[in-house]
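Undergrad: Provided below for reference: sequence and predicted model.
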2 protein chains.
Amino acid sequence: MATPIQDNLVTKNKEYASSFTDGHLALPPAKKYAVVTCMDARIDPALAYGINLGDAHVIRNAGASAKDALRSLVISEQLLGTEEILLIKHTGCGMLTFKNEDAAGIVRKNLGEEAAAELGAFKGDFLPFPNLEGAVVEDVEFLKGSKLIPEKIKISGWVYEVETGKVRSVV
Amino acid sequence: MATPIQDNLVTKNKEYASSFTDGHLALPPAKKYAVVTCMDARIDPALAYGINLGDAHVIRNAGASAKDALRSLVISEQLLGTEEILLIKHTGCGMLTFKNEDAAGIVRKNLGEEAAAELGAFKGDFLPFPNLEGAVVEDVEFLKGSKLIPEKIKISGWVYEVETGKVRSVV
């Protein structure tokens, strides 16, 4: 039986599809860039960052982690021809609120030791960060330091403010 | 000097922020669900999947890989209280078009051996798949089989058609 969340997907998608006219768009992003941002529910990258359909890859994970996004970025740059990366973290991010040992403790308490053992799939690293701007700088440096991201790729780092809807440049 | 892509971000974001009224939204997703979908430029999850701002985590990576999303999903479920996952892959996905050895060969040719060695960061696995529906089923099974995702979490698998804008249920 469908859940209310699934019903919402089906109903809203029907409306969307009924006036859909973008079936001709090509696979490679037209504006040749990739955005890395957070999975946070308060961010709508298309609207907040001005991304038209078909223009850019949008990679989202907990904390807008560049490390976590590396596989996707290599595919974006090397296989699909993108040439620029915007890395955009945000104020009020959940990743500012805990440490690895806190998260592992919650998993152990809620789900048990066998579950905790599976955290090895991502080396037990939830990739939290204690400082927002610092984490933006670190992630941009990580990408610039990776030989998987060639020097010609332009990389910039930003903060999105969930309180105001504003983006500001960091690096 | 700002690139045209950066100029676009700043200009479009100014417009967005000038009429922004959602600064009060809470960190945990109001509708307690997470969507895993592809980074593909032709997908606008908010519009195509009917996600209102503040309602759901949106995780996006190359191919809508559940494995790649595991860290983010554990944070979403265990730390931020989401209770349902929609996994949505799509037609025309780039991940259907290559194999791991093809991608590694391109990296080696374009960027050299040192870069290829860094592919170990994600075990050299670009997570391509040869069959769309099959990959949806596999990813849903992966999540259901993981002890990190407790049984009470509802999980469903879908395909989004980039040609028509329609979503269809797979599992």
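TA: That came in fine, so what should we check first? In this text, all values refer to a predicted model and were calculated from it rather than measured experimentally.
Undergrad: in chain A, which residue is most central in space?
TA: residue A:60 (2.0 Å; Cα atoms, centre = their mean).
Undergrad: how near is residue A:36 to residue B:72?
TA: Counting by Cβ to Cβ, to the nearest Å, the gap from residue A:36 to residue B:72 is 13 Å. (Each C-beta comes from the backbone N, C-alpha and C, glycine too.)
Undergrad: touching chain B at all, stretch A:10-22?
TA: Yes. For stretch A:10-22 and chain B, the contact criterion (Cβ under 8 Å from any Cβ of the partner chain) is met by A:10-17, A:20, A:22.
Undergrad: can you check what angle separates the host helix or strand of the residue nearest to the centre of chain A from strand B:56-61?
TA: Using DSSP states H and E, residue A:60 sits within strand A:56-61. Strand A:56-61 and strand B:56-61 are oriented at 120 degrees to each other (axes from the mean of the first three to the mean of the last three Cα atoms, to 10 degrees).
Undergrad: contacts for strand A:56-61, please.
TA: Here strand A:56-61 makes contact (Cβ atoms under 8 Å, 6 or more residues apart in numbering or on different chains) with A:29, A:31, A:33-39, A:43, A:45-46, A:51, A:68-69, A:72-73, A:76, A:80, A:82, B:39-41, B:58-62, B:69, B:71-72.
Undergrad: filter the residues you listed down to the ones in helices?
TA: A:45-46, A:72-73, B:71-72 (DSSP state H).
Undergrad: burial of the nearest residue to residue A:29 once chain neighbours are set aside, as a residue count?
TA: Spatially, and ignoring its direct neighbours in sequence, residue A:29 is nearest to residue B:41 (4.0 Å; Cβ to Cβ, 6 or more residues apart in numbering or on different chains). Each residue near residue B:41 was counted by other Cβ atoms under 10 Å in any protein chain shown, and the total is 28.
Undergrad: where in chain A is pLDDT low?
TA: For chain A, no stretch has pLDDT under 70.
Undergrad: how about the helices in it?
TA: All helices of chain A, identified by DSSP H, fall at A:4-18, A:45-48, A:70-74, A:100-111, A:113-118, A:132-145.
Undergrad: show me the beta-bridge partners of the residue nearest to the centre of chain A.
TA: Beta-bridge partners for residue A:60, by DSSP bridges, are residue A:37, residue B:60.
Undergrad: how far away is it from residue A:45?
TA: Noted for residue A:60: a distance of 7 Å to residue A:45, by Cβ to Cβ.
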